[in-house]
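Asks: Sequence below, structure please.
(one chain, ligands or ions: 1)
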Amino acid sequence: MTSASTRGVVILGAASAMAEATARLYAAQGARLMLVGRNAERLGVLAADLSARGASAVEVEALDLAHPADARAQLADMARRIGGADDVLVFYGVLADQARAETDLAYARQTLQANFASAAEWCLAAADLLQAQGRGALVVVGSVAGDRGRQSNYVYGAAKAGLGVLVQGIAHRLALRGGGARAVLVKPGFVDTPMTAHLPKGGPLWAKPEAIAKVVRRAADRGGAVVYAPWFWRFILLIIRLVPEPVFHKSKL
Ligand SMILES: NC(=O)c1ccc[n+]([C@@H]2O[C@H](COP(=O)([O-])OP(=O)(O)OC[C@H]3O[C@@H](n4cnc5c(N)ncnc54)[C@H](OP(=O)(O)O)[C@@H]3O)[C@@H](O)[C@H]2O)c1
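Replies: Residues are numbered from 1 along each chain as shown. Below you'll find the model as predicted:
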């Protein structure tokens, strides 16, 4: 493993609240950062802030991540620009409007493309890169929404479930053929970010992005292939998965 002070990190979806909090942890350790997102102005502001916080190099790439032209070549170039990537972090995503996704199939396809199909391409590209160098971590933010299909959120949930299986498969592949490289799926529950700005907040189930960032940062260094964030969601979802279908189908979840 490369030491934290020389660590190169590619962050896909760097403008996300969770990504920003995670990037700050890396910056404080002097890491080299490649920030990728679709808002160039926002990336510039983030880059300045992260440099001030200790990042030894910060590059930015403005890109619509939902439509990679050639993810393998693009990721290799991003890594090259920061002198090599140890970690590749995937944060970007969109919360689907479930009611709209049920009537507007082009919209449903668009959300599946953003949350699953494109993310799968980036993850497969990252797996190749990490396997070839025999070290580093791919850490991907999924969601507890992918653990059981629910009428209120199943299009987004399906995308996150698909991504979760893909990352688990990559973790298995890297365990067998990746030298020291690893892949981890981090599954947050409710997090107070712009994505959930429309929801009422408060209560013990809501986490701040900084709490998820610590989990992501730790996951890049050690641990298993699937991590719930915070940890108690593992048990909540275990119960939700075990609720018998006749009971579950009477709920409005
Ligand atoms: N918040 C939660 O409760 C929660 C729970 C479980 C999982 N998650 C997952 O956590 C991850 C981070 O989300 P967050 O909560 O931190 O929300 P967020 O702050 O709204 O971040 C989402 C980010 O994804 C970016 N993005 C979306 N589509 C993109 C595209 N095509 N190309 C480039 N960037 C794109 C957005 O960019 P713009 O700013 O340009 O729109 C935004 O910066 C997401 O994958 C989300 O699904 C969130």
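
Asks: which bits of the stretch 51-200 of the chain sit near the ligand?
Replies: 64-66, 91-94, 114, 141, 143, 188, 190-191, 193-196 (Cβ under 6 Å from any ligand atom). All C-beta spots, glycine's among them, are computed from the backbone N, C-alpha and C.

Asks: Quick one, which of those residues are buried?
Replies: 65-66, 91-93, 114, 141, 143, 188, 191, 193 (16 or more other Cβ atoms under 10 Å).

Asks: Next, format those residues as a markdown table and append pLDDT, secondary structure and distance to residue 123.
Replies: Compiled in a markdown table, these are given as follows (pLDDT from 0 to 100; DSSP: H, G, I helix; E, B strand; the rest coil; distance: Cβ to Cβ, whole Å):
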| residue | pLDDT | secondary structure | distance to residue 123 |
| --- | --- | --- | --- |
| 65 | 98 | coil | 12 |
| 66 | 98 | coil | 14 |
| 91 | 98 | coil | 12 |
| 92 | 98 | coil | 12 |
| 93 | 98 | coil | 13 |
| 114 | 98 | helix | 14 |
| 141 | 98 | strand | 11 |
| 143 | 98 | coil | 15 |
| 188 | 98 | strand | 17 |
| 191 | 97 | strand | 21 |
| 193 | 95 | coil | 21 |
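
Asks: And the lengthiest helix in the chain, what's buried?
Replies: When the chain is parsed with DSSP state H, its longest helix is helix 154-177. Buried residues in helix 154-177, counting neighbours by 16+ other Cβ under 10 Å, are found at 154-164, 166-168, 170-171, 174.

Asks: Kindly report the same for stretch 218-235.
Replies: For stretch 218-235, using 16+ other Cβ under 10 Å, the buried residues are 218-220, 225-230, 233-234.

Asks: Turn the residues you listed into TSV, including pLDDT, distance to the ligand and secondary structure.
Replies: As requested, those are exported to TSV (pLDDT from 0 to 100; distance: Cβ to the nearest ligand atom, whole Å; DSSP: H, G, I helix; E, B strand; the rest coil):
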residue	pLDDT	distance to the ligand	secondary structure
218	98	17	helix
219	98	14	helix
220	98	16	helix
225	98	17	coil
226	98	14	strand
227	98	13	strand
228	98	10	strand
229	98	8	strand
230	97	12	coil
233	98	9	helix
234	98	14	helix
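
Asks: just the residues you listed now: which is nearest residue 251?
Replies: residue 233 (18.0 Å; Cβ to Cβ).

Asks: Quick check: closest non-adjacent residue to residue 51.
Replies: residue 58 (5.2 Å; Cβ to Cβ, 6 or more residues apart in numbering).

Asks: And for the one helix or strand residue 89 maps to, what's in contact with it?
Replies: In this assignment (DSSP states H and E), residue 89 forms part of strand 87-90. The contact list for strand 87-90, computed with Cβ atoms under 8 Å, 6 or more residues apart in numbering, reads 7-13, 19, 22, 75, 119, 122-123, 126, 129-130, 136-141, 216, 220.

Asks: so what strands line up beside it?
Replies: strand 8-12 (parallel), strand 137-141 (parallel) (DSSP bridges).

Asks: what number of residues lie near residue 243?
Replies: A count of nearby residues for residue 243, using other Cβ atoms under 10 Å, gives 13.

Asks: now swap in the one 3 residues further on and tell me
Replies: Burial of residue 246, expressed as a neighbour count using other Cβ under 10 Å, amounts to 7.

Asks: where does it fall, phi/psi-wise?
Replies: Here is the backbone geometry of residue 246 (degrees, to the nearest 10): phi -60, psi -30.

Asks: Could you tell me how far it is located from residue 151?
Replies: In this view, residue 246 and residue 151 are 15 Å apart by Cβ to Cβ, to the nearest Å.
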